[in-house]
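# Build the 3D model from these lines:
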Amino acid sequence: MGLCRAPSKPTVYALVAVLTLSAPAAALAASPDDPWESANRSFYFVHTFLDHLFFGPVARGYKTVVPFPLRKGLRNLINNLKEPGIAFNDLLQAHPTRAGKTAARFIINSTVGVAGLMDAAYNVGLEHHENGFGTTAGRYGVGPGPYLFIPFVGPTNIRDVIGQVLDTATDPFAWAPLQDGVVIYSRGVIEGVDQRAEADDQLTAIDNMSTDPYASLRSLYEQNRAVQIQEAVNGVPGSAEPKLDSFDDPAAPAPTADPSKPAAAPAAPRPGAALENKMIDAMLARPLTVIPGSALNGIVPAPRSGALAQVESPAAG
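Numbering: from 1, shown residues only. Presented below is the predicted three-dimensional model:
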(Lines give C-alpha, C1' and ligand atoms only; values in the text may rest on other atoms or scores of the structure.)
Protein backbone atom coordinates (compact mmCIF):
# COMPACT_ATOMS: atom_id res chain seq x y z
CA MET A 1 0.00 0.00 0.00
CA GLY A 2 1.70 3.16 -1.09
CA LEU A 3 1.25 6.80 -1.81
CA CYS A 4 3.12 6.88 -5.11
CA ARG A 5 2.09 9.79 -7.28
CA ALA A 6 2.66 9.66 -11.03
CA PRO A 7 1.83 12.48 -13.46
CA SER A 8 -0.35 10.23 -15.62
CA LYS A 9 -3.24 12.54 -16.49
CA PRO A 10 -5.05 10.12 -18.85
CA THR A 11 -5.16 7.51 -16.07
CA VAL A 12 -6.56 10.08 -13.63
CA TYR A 13 -9.22 11.21 -16.09
CA ALA A 14 -10.29 7.62 -16.84
CA LEU A 15 -10.60 6.68 -13.17
CA VAL A 16 -12.55 9.82 -12.34
CA ALA A 17 -14.96 8.96 -15.15
CA VAL A 18 -15.38 5.41 -13.83
CA LEU A 19 -16.08 6.73 -10.33
CA THR A 20 -18.62 9.20 -11.66
CA LEU A 21 -20.50 6.48 -13.55
CA SER A 22 -20.39 4.11 -10.57
CA ALA A 23 -21.71 6.66 -8.06
CA PRO A 24 -25.29 5.25 -7.92
CA ALA A 25 -23.93 1.80 -7.04
CA ALA A 26 -22.00 3.21 -4.09
CA ALA A 27 -24.81 4.93 -2.24
CA LEU A 28 -24.13 3.20 1.08
CA ALA A 29 -20.95 4.89 2.28
CA ALA A 30 -19.45 4.96 5.78
CA SER A 31 -18.44 8.60 5.35
CA PRO A 32 -20.43 11.45 3.78
CA ASP A 33 -17.16 12.60 2.15
CA ASP A 34 -16.82 9.25 0.39
CA PRO A 35 -20.00 8.70 -1.67
CA TRP A 36 -18.07 6.48 -4.13
CA GLU A 37 -16.71 4.21 -1.43
CA SER A 38 -17.55 0.98 -3.22
CA ALA A 39 -15.48 1.90 -6.28
CA ASN A 40 -12.77 3.48 -4.14
CA ARG A 41 -12.36 0.31 -2.11
CA SER A 42 -12.06 -1.70 -5.32
CA PHE A 43 -9.31 0.60 -6.57
CA TYR A 44 -7.69 0.47 -3.14
CA PHE A 45 -7.65 -3.33 -3.29
CA VAL A 46 -5.98 -3.24 -6.72
CA HIS A 47 -3.47 -0.64 -5.53
CA THR A 48 -2.66 -2.61 -2.38
CA PHE A 49 -2.19 -5.84 -4.33
CA LEU A 50 0.22 -4.19 -6.78
CA ASP A 51 1.98 -2.38 -3.96
CA HIS A 52 2.63 -5.59 -2.00
CA LEU A 53 3.69 -7.34 -5.20
CA PHE A 54 5.87 -4.69 -6.81
CA PHE A 55 5.95 -1.08 -5.55
CA GLY A 56 6.65 -1.85 -1.89
CA PRO A 57 9.66 -4.11 -2.62
CA VAL A 58 10.99 -1.61 -5.18
CA ALA A 59 10.73 1.26 -2.70
CA ARG A 60 12.41 -0.73 0.08
CA GLY A 61 15.14 -1.83 -2.34
CA TYR A 62 15.65 1.79 -3.37
CA LYS A 63 15.99 2.82 0.27
CA THR A 64 18.47 -0.02 0.92
CA VAL A 65 20.65 0.36 -2.18
CA VAL A 66 20.71 4.14 -2.64
CA PRO A 67 22.69 5.87 0.14
CA PHE A 68 20.82 8.39 2.24
CA PRO A 69 22.89 11.42 1.08
CA LEU A 70 22.04 10.65 -2.55
CA ARG A 71 18.34 10.11 -1.75
CA LYS A 72 18.32 13.36 0.21
CA GLY A 73 20.02 15.18 -2.67
CA LEU A 74 17.48 13.91 -5.22
CA ARG A 75 14.64 14.91 -2.88
CA ASN A 76 16.12 18.40 -2.50
CA LEU A 77 16.49 18.70 -6.27
CA ILE A 78 12.85 17.74 -6.89
CA ASN A 79 11.61 20.12 -4.20
CA ASN A 80 13.71 22.93 -5.64
CA LEU A 81 12.18 22.43 -9.08
CA LYS A 82 8.73 22.89 -7.51
CA GLU A 83 9.58 26.13 -5.68
CA PRO A 84 8.52 28.55 -8.49
CA GLY A 85 5.03 27.01 -8.62
CA ILE A 86 4.83 27.05 -4.82
CA ALA A 87 5.80 30.74 -4.74
CA PHE A 88 3.17 31.53 -7.38
CA ASN A 89 0.47 29.85 -5.27
CA ASP A 90 1.73 31.69 -2.18
CA LEU A 91 1.03 34.92 -4.06
CA LEU A 92 -2.41 33.71 -5.18
CA GLN A 93 -3.19 32.99 -1.53
CA ALA A 94 -2.33 36.63 -0.63
CA HIS A 95 0.80 35.77 1.34
CA PRO A 96 3.56 37.87 -0.27
CA THR A 97 5.99 37.34 2.63
CA ARG A 98 5.68 33.59 2.32
CA ALA A 99 6.11 33.88 -1.47
CA GLY A 100 9.25 35.96 -0.97
CA LYS A 101 10.74 33.33 1.33
CA THR A 102 9.93 30.61 -1.19
CA ALA A 103 11.58 32.61 -3.98
CA ALA A 104 14.60 33.17 -1.76
CA ARG A 105 14.77 29.41 -1.16
CA PHE A 106 14.84 28.80 -4.89
CA ILE A 107 17.60 31.34 -5.51
CA ILE A 108 19.79 30.17 -2.62
CA ASN A 109 19.42 26.46 -3.35
CA SER A 110 19.88 26.93 -7.10
CA THR A 111 23.19 28.71 -6.53
CA VAL A 112 24.78 27.94 -3.17
CA GLY A 113 22.95 24.62 -3.02
CA VAL A 114 24.46 23.38 -6.31
CA ALA A 115 21.30 23.41 -8.48
CA GLY A 116 19.18 22.34 -5.51
CA LEU A 117 21.04 19.17 -4.51
CA MET A 118 21.73 20.75 -1.11
CA ASP A 119 19.08 22.53 0.95
CA ALA A 120 21.27 25.47 1.92
CA ALA A 121 18.21 27.67 2.49
CA TYR A 122 17.06 25.45 5.37
CA ASN A 123 20.22 26.35 7.27
CA VAL A 124 19.24 30.03 7.23
CA GLY A 125 15.70 29.37 8.46
CA LEU A 126 13.85 29.04 5.15
CA GLU A 127 11.94 25.76 5.30
CA HIS A 128 10.26 24.01 2.39
CA HIS A 129 6.47 23.72 2.28
CA GLU A 130 4.13 22.11 -0.23
CA ASN A 131 1.59 24.17 -2.15
CA GLY A 132 -0.48 23.98 -5.30
CA PHE A 133 -3.67 25.02 -7.03
CA GLY A 134 -5.71 22.50 -5.02
CA THR A 135 -4.57 24.18 -1.79
CA THR A 136 -5.23 27.62 -3.25
CA ALA A 137 -8.78 26.60 -4.11
CA GLY A 138 -9.29 25.31 -0.57
CA ARG A 139 -7.88 28.54 0.86
CA TYR A 140 -10.72 30.45 -0.83
CA GLY A 141 -13.44 28.10 0.37
CA VAL A 142 -13.72 25.59 -2.46
CA GLY A 143 -14.82 22.29 -0.93
CA PRO A 144 -12.82 19.10 -1.49
CA GLY A 145 -15.65 17.27 -3.22
CA PRO A 146 -15.94 13.47 -3.11
CA TYR A 147 -13.00 11.50 -1.81
CA LEU A 148 -11.09 9.46 -4.40
CA PHE A 149 -8.60 6.65 -4.22
CA ILE A 150 -6.72 6.28 -7.48
CA PRO A 151 -4.23 3.45 -8.10
CA PHE A 152 -0.64 4.65 -8.55
CA VAL A 153 -1.72 8.02 -7.15
CA GLY A 154 -3.24 7.27 -3.75
CA PRO A 155 -5.85 9.17 -1.71
CA THR A 156 -7.10 12.45 -3.18
CA ASN A 157 -10.35 14.28 -4.00
CA ILE A 158 -11.99 16.06 -6.92
CA ARG A 159 -10.58 19.48 -5.95
CA ASP A 160 -7.03 18.17 -5.70
CA VAL A 161 -7.29 16.22 -8.97
CA ILE A 162 -8.23 19.43 -10.79
CA GLY A 163 -5.50 21.26 -8.89
CA GLN A 164 -2.96 18.63 -9.94
CA VAL A 165 -3.96 19.10 -13.59
CA LEU A 166 -3.39 22.86 -13.26
CA ASP A 167 -0.07 22.26 -11.48
CA THR A 168 1.07 20.09 -14.38
CA ALA A 169 -0.18 22.54 -17.00
CA THR A 170 1.83 25.38 -15.42
CA ASP A 171 4.95 23.29 -14.81
CA PRO A 172 7.81 24.59 -17.00
CA PHE A 173 9.04 21.03 -17.49
CA ALA A 174 5.76 20.18 -19.23
CA TRP A 175 6.37 22.83 -21.88
CA ALA A 176 8.37 22.71 -25.11
CA PRO A 177 11.10 21.65 -25.72
CA LEU A 178 10.35 19.03 -23.06
CA GLN A 179 7.08 17.81 -24.57
CA ASP A 180 8.37 14.24 -24.76
CA GLY A 181 7.85 14.09 -21.01
CA VAL A 182 11.17 12.44 -20.19
CA VAL A 183 12.06 14.95 -17.49
CA ILE A 184 8.64 15.24 -15.88
CA TYR A 185 7.99 11.48 -15.90
CA SER A 186 11.45 10.68 -14.57
CA ARG A 187 10.94 13.22 -11.83
CA GLY A 188 7.52 11.75 -11.02
CA VAL A 189 8.87 8.20 -10.80
CA ILE A 190 11.79 9.17 -8.55
CA GLU A 191 9.54 11.28 -6.33
CA GLY A 192 6.93 8.52 -6.10
CA VAL A 193 9.45 5.82 -5.19
CA ASP A 194 11.10 8.11 -2.63
CA GLN A 195 7.78 9.03 -1.01
CA ARG A 196 6.77 5.36 -0.89
CA ALA A 197 10.08 4.44 0.74
CA GLU A 198 9.80 7.19 3.37
CA ALA A 199 6.17 6.27 4.17
CA ASP A 200 6.85 2.54 4.51
CA ASP A 201 6.86 2.50 8.33
CA GLN A 202 3.65 4.53 8.57
CA LEU A 203 1.84 2.37 6.03
CA THR A 204 2.97 -0.79 7.81
CA ALA A 205 1.67 0.62 11.10
CA ILE A 206 -1.71 1.35 9.53
CA ASP A 207 -1.93 -2.20 8.18
CA ASN A 208 -0.98 -3.72 11.54
CA MET A 209 -2.88 -1.44 13.93
CA SER A 210 -6.07 -0.54 12.09
CA THR A 211 -9.13 -2.75 11.74
CA ASP A 212 -9.96 -0.95 8.48
CA PRO A 213 -6.78 0.34 6.76
CA TYR A 214 -8.78 1.91 3.93
CA ALA A 215 -10.86 4.05 6.32
CA SER A 216 -7.80 4.92 8.42
CA LEU A 217 -5.82 6.07 5.38
CA ARG A 218 -8.80 8.14 4.24
CA SER A 219 -9.09 9.76 7.66
CA LEU A 220 -5.39 10.57 7.92
CA TYR A 221 -5.36 12.02 4.40
CA GLU A 222 -8.35 14.27 5.08
CA GLN A 223 -6.85 15.45 8.38
CA ASN A 224 -3.54 16.24 6.71
CA ARG A 225 -5.21 18.16 3.88
CA ALA A 226 -7.35 20.09 6.38
CA VAL A 227 -4.16 21.18 8.16
CA GLN A 228 -2.56 22.28 4.88
CA ILE A 229 -5.64 24.28 3.90
CA GLN A 230 -5.74 25.98 7.31
CA GLU A 231 -2.07 26.90 7.04
CA ALA A 232 -2.78 28.32 3.58
CA VAL A 233 -5.47 30.51 5.18
CA ASN A 234 -3.19 31.67 8.00
CA GLY A 235 -0.03 31.85 5.91
CA VAL A 236 1.96 30.49 8.85
CA PRO A 237 3.56 27.01 8.70
CA GLY A 238 2.79 24.92 11.75
CA SER A 239 -0.17 27.08 12.75
CA ALA A 240 -2.65 24.19 12.51
CA GLU A 241 -2.65 20.74 14.02
CA PRO A 242 -4.68 17.64 13.08
CA LYS A 243 -7.66 17.06 15.35
CA LEU A 244 -7.12 13.32 15.55
CA ASP A 245 -3.96 11.24 15.76
CA SER A 246 -5.30 7.70 15.81
CA PHE A 247 -5.65 5.19 13.00
CA ASP A 248 -9.42 5.01 13.45
CA ASP A 249 -11.80 6.63 11.02
CA PRO A 250 -14.07 9.12 12.86
CA ALA A 251 -16.81 8.56 10.27
CA ALA A 252 -16.78 4.78 10.58
CA PRO A 253 -19.67 3.13 12.44
CA ALA A 254 -19.16 2.11 16.03
CA PRO A 255 -17.88 -1.46 16.47
CA THR A 256 -20.53 -4.04 17.29
CA ALA A 257 -20.21 -6.91 19.73
CA ASP A 258 -19.03 -10.21 18.29
CA PRO A 259 -21.87 -12.75 18.83
CA SER A 260 -19.37 -15.63 18.78
CA LYS A 261 -17.64 -14.29 21.89
CA PRO A 262 -19.34 -14.50 25.32
CA ALA A 263 -20.21 -11.19 26.86
CA ALA A 264 -18.07 -10.11 29.77
CA ALA A 265 -19.67 -10.90 33.14
CA PRO A 266 -20.49 -7.89 35.32
CA ALA A 267 -18.21 -7.29 38.27
CA ALA A 268 -19.30 -9.04 41.47
CA PRO A 269 -20.63 -6.68 44.17
CA ARG A 270 -18.37 -6.06 47.15
CA PRO A 271 -19.45 -7.96 50.30
CA GLY A 272 -21.50 -5.78 52.63
CA ALA A 273 -22.02 -3.09 50.01
CA ALA A 274 -25.81 -3.53 50.00
CA LEU A 275 -26.02 -3.17 53.82
CA GLU A 276 -23.80 -0.07 53.76
CA ASN A 277 -25.97 1.53 51.09
CA LYS A 278 -29.12 0.90 53.16
CA MET A 279 -27.51 2.46 56.27
CA ILE A 280 -26.41 5.52 54.30
CA ASP A 281 -29.89 5.93 52.79
CA ALA A 282 -31.47 5.67 56.26
CA MET A 283 -29.11 8.29 57.72
CA LEU A 284 -29.76 10.69 54.85
CA ALA A 285 -33.52 10.23 55.25
CA ARG A 286 -33.52 11.38 58.89
CA PRO A 287 -34.65 14.98 59.52
CA LEU A 288 -32.02 17.45 60.71
CA THR A 289 -32.62 18.41 64.41
CA VAL A 290 -31.05 21.45 66.06
CA ILE A 291 -29.82 20.70 69.61
CA PRO A 292 -29.85 23.66 72.04
CA GLY A 293 -26.67 24.46 73.93
CA SER A 294 -28.33 23.83 77.33
CA ALA A 295 -28.86 20.21 76.40
CA LEU A 296 -25.11 19.70 76.22
CA ASN A 297 -24.52 20.70 79.88
CA GLY A 298 -23.15 17.76 81.79
CA ILE A 299 -22.17 15.98 78.58
CA VAL A 300 -19.35 18.24 77.45
CA PRO A 301 -17.07 19.39 80.32
CA ALA A 302 -16.59 23.11 80.83
CA PRO A 303 -13.39 24.50 79.32
CA ARG A 304 -10.47 25.00 81.68
CA SER A 305 -8.12 27.91 81.81
CA GLY A 306 -4.37 28.16 82.09
CA ALA A 307 -1.59 25.83 81.01
CA LEU A 308 -3.48 22.72 82.14
CA ALA A 309 -6.28 23.56 79.77
CA GLN A 310 -3.82 23.76 76.91
CA VAL A 311 -2.38 20.36 77.74
CA GLU A 312 -5.60 18.49 78.40
CA SER A 313 -7.83 20.17 75.85
CA PRO A 314 -8.69 18.16 72.74
CA ALA A 315 -7.22 20.89 70.54
CA ALA A 316 -3.86 20.57 72.25
CA GLY A 317 -3.84 16.80 72.05
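
# hey, let's count contacts and neighbours off CA atoms from now on
Noted.

# quick one: low-confidence ranges for the stretch 101-250 of the chain?
The stretch 101-250 of the chain contains residues with pLDDT under 70 at 176-181, 238-250.

# what about the helices in it?
For the stretch 101-250 of the chain, the helices defined by DSSP state H, counting those that start in this stretch cover 133-139, 158-169, 182-198, 200-209, 213-234.

# Format the ones you listed as TSV; extra columns: distance to G85.
Output for the helices of the stretch 101-250 of the chain, formatted as TSV (distance: least, Cα to Cα, whole Å):
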stretch	distance to G85
helix 133-139	9
helix 158-169	8
helix 182-198	14
helix 200-209	28
helix 213-234	15
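
# I'd like these laid out as JSON lines, including distance to V124 and mean neighbour count.
Output for the helices of the stretch 101-250 of the chain, formatted as JSON lines (distance: least, Cα to Cα, whole Å; neighbours: other Cα atoms under 10 Å):
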{"stretch": "helix 133-139", "distance to V124": "26", "mean neighbour count": "23"}
{"stretch": "helix 158-169", "distance to V124": "28", "mean neighbour count": "18"}
{"stretch": "helix 182-198", "distance to V124": "25", "mean neighbour count": "18"}
{"stretch": "helix 200-209", "distance to V124": "30", "mean neighbour count": "14"}
{"stretch": "helix 213-234", "distance to V124": "22", "mean neighbour count": "20"}
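
# Any idea which of these gets closest to G145?
G145 sits nearest to helix 158-169 of all these, at 5.3 Å, using Cα to Cα.

# Give the other helices and strands that the closest one contacts.
Contact analysis of helix 158-169 by 3 or more Cα pairs under 8 Å, 6 or more residues apart in numbering; DSSP states H and E lists helix 133-139 as its packing neighbours.

# Without its sequence neighbours, what residue ends up closest to E130?
Distances taken as Cα to Cα, 6 or more residues apart in numbering put I86 closest to E130, at 6.8 Å, once the chain neighbours are dropped.

# about what we covered before: which one of the helices of the stretch 101-250 of the chain lies nearest to P32?
Proximity to P32, assessed across those by Cα to Cα, is greatest for helix 213-234 (12.1 Å).

# Report the contact partners of A87.
Residues near A87 by Cα atoms under 8 Å, 6 or more residues apart in numbering: R98, A99, G100, T102, A103.

# Now flag whichever of those residues is closest to P69.
Ranked by distance to P69 (Cα to Cα), the contacts of A87 are led by T102 at 23.3 Å.

# Might one say that that closest one is in contact with K82?
No. With contact defined as Cα atoms under 8 Å, T102 does not reach K82; the gap is 10.0 Å.

# is it fair to say the residue nearest to E130 lies in a helix?
Yes. Looking at I86 with DSSP: H, G, I helix; E, B strand; the rest coil, it is inside a helix.

# Tell me how far it lies from H52.
Separation of I86 from H52 (Cα to Cα, to the nearest Å): 33 Å.

# just P96 next, same as before
44 Å.

# what sits against the closest residue to A59 other than its chain neighbours?
Nearest non-adjacent residue to A59, counting by Cα to Cα, 6+ apart: A197, 4.7 Å away. Applying Cα under 8 Å, 6+ apart, we find A197 in contact with G56, A59, R60, Y62, K63.
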